[in-house]
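*Asks:* From the sequence below, what's the structure:
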Amino acid sequence: MKQTFILFLFISVVIRCSAQSLDEAKKLTENEQYEAAALKFQELIAKEPGNGTNYYFFGENFLLADNPDSAKIAFEKGLEKEPGNALNKIGLAKIKLDDANELEAKVNSDRSPADAGLKTRYEQIRQRVTEAKATIDEVVAAQPKNVRILTEAADALIHLKNKDLEKARTFLDRAQGIEPKNVEVKILLGDLFTELSNGTLAADYYNQALDLDKKSARSIVSKGILYRRSMNFDGASEEYKRAITVDPNYAPAYRELGEVEFKMGKLELAKENYRKYLDLSKNNCSARIRYATFLYFSRNYAESLIEISQLKEKCDPNNPTVLRISTYCLYETKEYAKGLDAVIKLFNVVPEAKRTALDYEYYGKLQIANQQDSLGVLSLRKAYEMDRSKTELLNVISDNFYKKKNYPEAIKALTEKIAIGKDLKSGDYVSLALSYYFNSQFMEADTAWKKVNELFPNYAYGWSGRARANTQIDSTSENGLAKPFYEKYIELAMADSANSAKYTQGLIEAYTYMAYYYILKKDTVNALKYLHLKEGLPLEPEDLKKVKGAIDQLEGRKPQR
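*Replies:* Numbering: from 1, shown residues only. Below you'll find the model as predicted:
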């Protein structure tokens, strides 16, 4: 009996130490110390090579560090070592769920039904997502009361690209019924309702998690993310600072604080907190890649490139995020040849199914910058088909055609954007009007300028543009179609006396037309009025001589030699 008790005590201590070591490794992952966590998981696996759970969380560590290939190896090894441990099946399902967005692929395919590539891409993604969700259902059905299985399954359906929030809620409700005081379950419920945009319930679950664990920095940071998503940056900042007070070594709090400070315009504080995040996350590759990405989004392109050059020495130089940010920053710093090399390398590493709209956008811009205009437009079109919210790409396409004097294609891109009616600016109508004008479609140009006049009545250039179109429609000026528009231009130019210099050329044009019109109508008084006004502008000597000659002629004097 005594020997049995001692054996039981020994087994209990071993299990407790093993669980403690796993918790330590998981804590390192949560603190985004992925490389340190990987070493800890390797130690655990060396001690317990048949424990599939260790492999699962090892794979999860890789997945969070944006290394799905290594994660897949870990999950497969876990299944090999312990086939009965279904966590690794969930791990493999997670990889499929986070590979590409099914809904986005469907929208793109539906918008371009003739594009066989987009259709194939959607079908492949749909199949992988269906397989992943079927795997999760199978695992949960086999162990319906296993809280760890339920929480990991819910985590997959909440946080990855292809979500199923209703099913995740079912799993979490079941887990909560089994373990009503499980902190992980409360946090995941908070995350679930954050995704459902139910801030009240989300905050309530984060608070419940804090009631159960007062030192849960993760709960506080999650609450801050809830505020940040609702654009309450001040509230988010306070939560992140509170998390730092609770746990000064919790790296994600500094990262989130840095990002929200950037959104608040506090750039130096943002960088300071991001550097603190790097220190606490042990400067691991994933953290530094995040920092390089942060620098890109904060438009510190040169700094981002410096960070990337250092990353390439220490980390995987073919990491897709490193290649992406390098490509983007090289374009923004006008290093177009290097940028084109970088994006070609990116596309060699990243298969088509995993390329983003932003990848194709920068590819197109870099191709155009390297005089590959036709290819560039095709890439920009691809980017737009993948993300129809990027209507500004139609402007880039139009501008490229306009510069090449391909006005029909410029018109096509602009009319497409205007028909969508999203994020329209005066420049859209101005560019359309100019394209029509230079394509000798003067009636259409007049209609486009009319829209500019209606939307922006105090925009002087819009009135001179419409006047110019009407000088072509009424080429003899007999009908004076341009007259009211030049008069309006003159009125607006004279009213803006503080910026008179910018109207000089427009006024020369307007006064010339008005004088000529009145000469045709034999109205000498008004003709002289506009000639004298033109005479008062800074004219070229030859033009001034002509004006003086016209004035002399109308006033009955011999022209001066």
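*Asks:* same for the helix or strand harbouring Leu434, what does it pack against?
*Replies:* Here Leu434 sits within helix 426-438, counting by DSSP states H and E. If contacts are counted by 3 or more C-beta pairs under 8 Å, 6 or more residues apart in numbering; DSSP states H and E, helix 426-438 sits against helix 392-403, helix 407-420, helix 442-455, helix 460-473. No exception for glycine: its C-beta is placed from N, CA and C like everyone else's.
*Asks:* Could you look over those and pick the most buried one?
*Replies:* Highest mean neighbour count among the helices and strands packed on helix 426-438 (mean count of other C-beta atoms under 10 Å): helix 460-473, with a mean of 23.
*Asks:* What mean pLDDT does it get?
*Replies:* For helix 460-473, mean pLDDT rounds to 96.
*Asks:* Between the helices and strands packed on helix 426-438, which one is closest to Glu256.
*Replies:* helix 392-403 (28.8 Å; C-beta to C-beta).
*Asks:* what does that closest one rub up against?
*Replies:* Applying C-beta atoms under 8 Å, 6 or more residues apart in numbering, the external contacts of helix 392-403 come out as 361, 364-365, 368, 373, 376-377, 380-381, 383-384, 407, 409-411, 413-414, 416-417, 423, 427-428, 431, 434-435.
*Asks:* Over to stretch 463-474?
*Replies:* With contact meaning C-beta under 8 Å, 6+ apart, stretch 463-474 is reached by 430, 433-434, 436-437, 440, 442-443, 445-446, 449-450, 452-453, 477, 480-482, 485-486, 488-489, 492, 506, 509-510, 513.
*Asks:* how far away is the residue nearest to the spatial centre of the chain from Ile308?
*Replies:* The chain has Leu358 as the residue nearest its centroid, 7.4 Å off, counting by C-alpha atoms, centre = their mean. Separation of Leu358 from Ile308 (C-beta to C-beta, to the nearest Å): 16 Å.
*Asks:* Kindly report the same for Tyr384.
*Replies:* Note on Tyr384: its distance to Ile308, by C-beta to C-beta, is 27 Å.
*Asks:* picking up where we left off before, verify the stated contact: the residue nearest to the centre of the chain with Tyr328.
*Replies:* Yes: Leu358 lies in contact with Tyr328 (C-beta atoms under 8 Å); the separation is 7.4 Å.
*Asks:* Can you get me a residue count around Asn423?
*Replies:* Residue 423: Asp, not Asn. 12 (other C-beta atoms under 10 Å).
*Asks:* make that Phe347, sorry
*Replies:* With other C-beta under 10 Å as criterion, Phe347 counts 16.
*Asks:* all numbers from here: first residue = 53
*Replies:* New numbering, starting at 53: the last item is Phe399.
*Asks:* Quick check: closest non-adjacent residue to it.
*Replies:* Arg407 (6.9 Å; C-beta to C-beta, 6 or more residues apart in numbering).
*Asks:* Look at the one you found and report its pLDDT.
*Replies:* At Arg407, the model reports a pLDDT of 89.
*Asks:* and Tyr302, what does it touch?
*Replies:* Tyr302 sits next to Asn83, Ala269, Arg270, Val273, Ala295, Ile296, Leu332 when contact means C-beta under 8 Å, 6+ apart.
*Asks:* Mind putting those residues into JSON lines with pLDDT and distance to Glu324?
*Replies:* Output for the contacts of Tyr302, formatted as JSON lines (pLDDT from 0 to 100; distance: C-beta to C-beta, whole Å):
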{"residue": "Asn83", "pLDDT": "91", "distance to Glu324": "19"}
{"residue": "Ala269", "pLDDT": "96", "distance to Glu324": "19"}
{"residue": "Arg270", "pLDDT": "96", "distance to Glu324": "23"}
{"residue": "Val273", "pLDDT": "96", "distance to Glu324": "18"}
{"residue": "Ala295", "pLDDT": "96", "distance to Glu324": "17"}
{"residue": "Ile296", "pLDDT": "96", "distance to Glu324": "13"}
{"residue": "Leu332", "pLDDT": "90", "distance to Glu324": "13"}
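*Asks:* Next step: these restricted to helices.
*Replies:* Of the contacts of Tyr302, the ones assigned to helices by DSSP state H are Ala269, Arg270, Val273, Ala295, Ile296, Leu332.
*Asks:* Which parts of the stretch 253-402 of the chain are helices?
*Replies:* For the stretch 253-402 of the chain, the helices defined by DSSP state H, counting those that start in this stretch cover 269-281, 285-298, 303-315, 319-332, 337-349, 353-366, 372-384, 388-401.
*Asks:* Would you mind putting these into JSON lines with distance to Gly517 alongside?
*Replies:* Converted to JSON lines, those look like this (distance: least, C-beta to C-beta, whole Å):
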{"stretch": "helix 269-281", "distance to Gly517": "43"}
{"stretch": "helix 285-298", "distance to Gly517": "41"}
{"stretch": "helix 303-315", "distance to Gly517": "38"}
{"stretch": "helix 319-332", "distance to Gly517": "40"}
{"stretch": "helix 337-349", "distance to Gly517": "37"}
{"stretch": "helix 353-366", "distance to Gly517": "36"}
{"stretch": "helix 372-384", "distance to Gly517": "32"}
{"stretch": "helix 388-401", "distance to Gly517": "33"}
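*Asks:* Ser164: which of those is closest?
*Replies:* Among those, helix 388-401 comes nearest to Ser164, with 20.0 Å by C-beta to C-beta.
*Asks:* neighbouring contacts of that closest one?
*Replies:* 370, 372, 375-376, 378-379, 382-383, 407, 411, 414-415, 418-419, 421-422.
*Asks:* what kind of secondary structure is Asn532 in?
*Replies:* Residue 532: Gly, not Asn. coil (DSSP: H, G, I helix; E, B strand; the rest coil).
*Asks:* give the contact list for it.
*Replies:* By C-beta under 8 Å, 6+ apart, the contact list for Gly532 reads Asp526, Tyr569.
*Asks:* any idea how far it is from Met566?
*Replies:* From Gly532 across to Met566, the span is 9 Å (C-beta to C-beta).
*Asks:* Could you do Ser361 as well?
*Replies:* 61 Å.
*Asks:* Show me which of those two is the more surrounded one.
*Replies:* When Ser361 and Met566 are compared for neighbours, Met566 comes out ahead with 24 against 11, by other C-beta under 10 Å.
*Asks:* Spit out the contact partners of that one.
*Replies:* Neighbours of Met566 in contact, by C-beta under 8 Å, 6+ apart: Lys535, Tyr538, Glu539, Ile542, Asn578, Tyr582.
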